[in-house]
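A.B. asks: I would like to see how this sequence folds:
(one chain, ligands or ions: 1)
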Amino acid sequence: MPTTETCAECGAPPIEGFNCWEQLGALIAWEYNDPALHAQHFLVVASYNLQHPAQFTEMALEQLWMAFNDYLNHGVSAAELRQRAAKTYAGATRVLRPEAERRPQLRCWAMTIADVYLPEQPAGAVERLWGWARVIQANQAVTQA
Ligand SMILES: [Zn+2]
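C.D. replies: Modelled structure (predicted):
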């Protein structure tokens, strides 16, 4: 069913009936034809997850913020971050909250997935992605309060 509702957590408007999760899927689908975008897959998923924190445990979010900042500020590679996460989660550490415990809260952002996924406009997606990531990073203090 095409949706007409904005996302209850990130506030992204629907685009052509796609909710924000489906917009993420469409953006990821572009990666197959765009090696530059594919190279930033970590940033796509991390940005999306950081705008949808309700599903994650506090510890998982902390790790994600750390990885996100290391990637943006220190150029730590996605491969290294993956290894680090594998080590962190080698035990039975919970990443996702049980569904009954999730309390999505609407936050307003200057950019959401809807500003990155522009239908039929894959050109410039990498630049839009970086703009999105920087908006999220700039609001880090707010999101962690
Ligand atoms: Zn959303």
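A.B. asks: the residue nearest to the spatial centre of the chain - nearest residue in space that isn't next to it in sequence?
C.D. replies: Taking CA atoms, centre = their mean, the centroid of the chain lies closest to residue 48, which sits 1.6 Å from it. The shortest distance from residue 48 to any non-neighbouring residue, by CB to CB, 6 or more residues apart in numbering, is to residue 24 (5.1 Å). Just so you know, the C-beta spots here come from the backbone N, C-alpha and C atoms, and that holds for glycine as well.
A.B. asks: also residue 94?
C.D. replies: residue 57 (5.2 Å).
A.B. asks: likewise residue 43?
C.D. replies: Nearest to residue 43 is residue 133, by CB to CB, 6+ apart, at 5.4 Å.
A.B. asks: picking that back up, residues in contact with the residue nearest to residue 48?
C.D. replies: Residues near residue 24 by CB atoms under 8 Å, 6 or more residues apart in numbering: 44, 48, 113, 117.
A.B. asks: quick one on the thing from earlier: now what about the helix or strand where the residue nearest to residue 43 lies, what contacts it?
C.D. replies: Residue 133 is located in helix 125-138, with elements delineated by DSSP states H and E. In this structure, residues lying in contact with helix 125-138 by CB under 8 Å, 6+ apart are 27, 30, 34, 36-37, 40, 43-44, 46-47, 50-51, 68-69, 72, 109-113, 115-118, 143.
A.B. asks: could you rerun that using 7 Å?
C.D. replies: For helix 125-138, contacts defined as CB atoms under 7 Å, 6 or more residues apart in numbering pick out 27, 30, 34, 36-37, 40, 43-44, 47, 50-51, 69, 72, 109-111, 115-116.
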